[in-house]
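Asker: here is a sequence together with a model predicted from it:
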Amino acid sequence: MTRIKVCGNTRPEDVDLAVELGVDLLGFIFTSSKRQVHVDQVKAVIARVPDTVERVGVFIDEPPEQIAEVAEACGLTAVQVYRPLTAKDRSLGLLLLPAFRVQQGEDLSALRFEKGDHPLLDTWAPDTIGGTGRAWAWSQAKAVARRYPVVVSGGLNPDNVGGALLELHPWAVDVCSGVEAEPGRKDHGKLRAFVEAVRRVDRA
């Protein structure tokens, strides 16, 4: 069954619904973003998440020491980072989602990750990192998806997630803006529809 990651969480009621719907990973953005959260603000929210759900801290280029502090303070179990992973990152003992931003027409056949990595493939944009609301051509990543347990991210929504699943059969799909009413606030109807769309393909 495809795992579902819901990212950009800021509100307890959104986290509670995601858990109720059986979401597998919940993302919290600790870096510059319209959906940024801070440790003191989000500790109580993350504490509501059961141990069966991965609690993912999202970072851009913060050093491993800072990531480790946030992870310990908030009880994170995974980290998503938009820079090359270091030995210190790998020593944290967390599930690693190294993020790679895909440009249109880019040849991804040379991409390499380490054993245990779950590469997150996101949309490249010149003006922002993550949360673009724009999808990329999933067919570009067929070779990568055959070698690694990939997470498909970037522009997914209830209407198009089925296509990503059929194209790549990924380990997980990641949604943020596609289930939002506004940045940081989920549209509960869209979130329900997204989860159902994924499960519908899984059942088929």
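Answerer: Nice, thanks for sending it over.
Asker: in whatever helix or strand residue 15 lives in, what's buried?
Answerer: Here residue 15, judged by DSSP states H and E, is contained in helix 12-20. Residues 14-15, 17-19 are the ones in helix 12-20 that count as buried (16 or more other C-beta atoms under 10 Å). Where C-beta positions appear, they are placed from N, C-alpha and C, glycine not excepted.
Asker: what is whichever helix or strand comes after that helix packed up against?
Answerer: Downstream of helix 12-20, the first helix or strand assigned by DSSP H and E is strand 25-29. With contacts taken as 3 or more C-beta pairs under 8 Å, 6 or more residues apart in numbering; DSSP states H and E, strand 25-29 sits against strand 3-6, helix 12-20, helix 39-47, strand 54-59, strand 172-175.
Asker: how about TSV for the ones you listed, with distance to residue 143 added?
Answerer: Below are the helices and strands packed on strand 25-29 laid out as TSV (distance: least, C-beta to C-beta, whole Å):
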stretch	distance to residue 143
strand 3-6	21
helix 12-20	31
helix 39-47	35
strand 54-59	25
strand 172-175	18
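Asker: so what touches the helix holding residue 15?
Answerer: Defining contact as C-beta atoms under 8 Å, 6 or more residues apart in numbering, one finds that helix 12-20 is touched by 6, 9, 26, 44-46, 48-50, 53, 185-186, 188, 191-192.
Asker: just to be sure, residue 189 is in a strand?
Answerer: No - Residue 189: not assigned to a strand; according to DSSP: H, G, I helix; E, B strand; the rest coil it is helix.
Asker: okay, which residue is most central for this structure?
Answerer: Centroid-nearest residue in the chain, with C-alpha atoms, centre = their mean: residue 174, separated by 4.4 Å.
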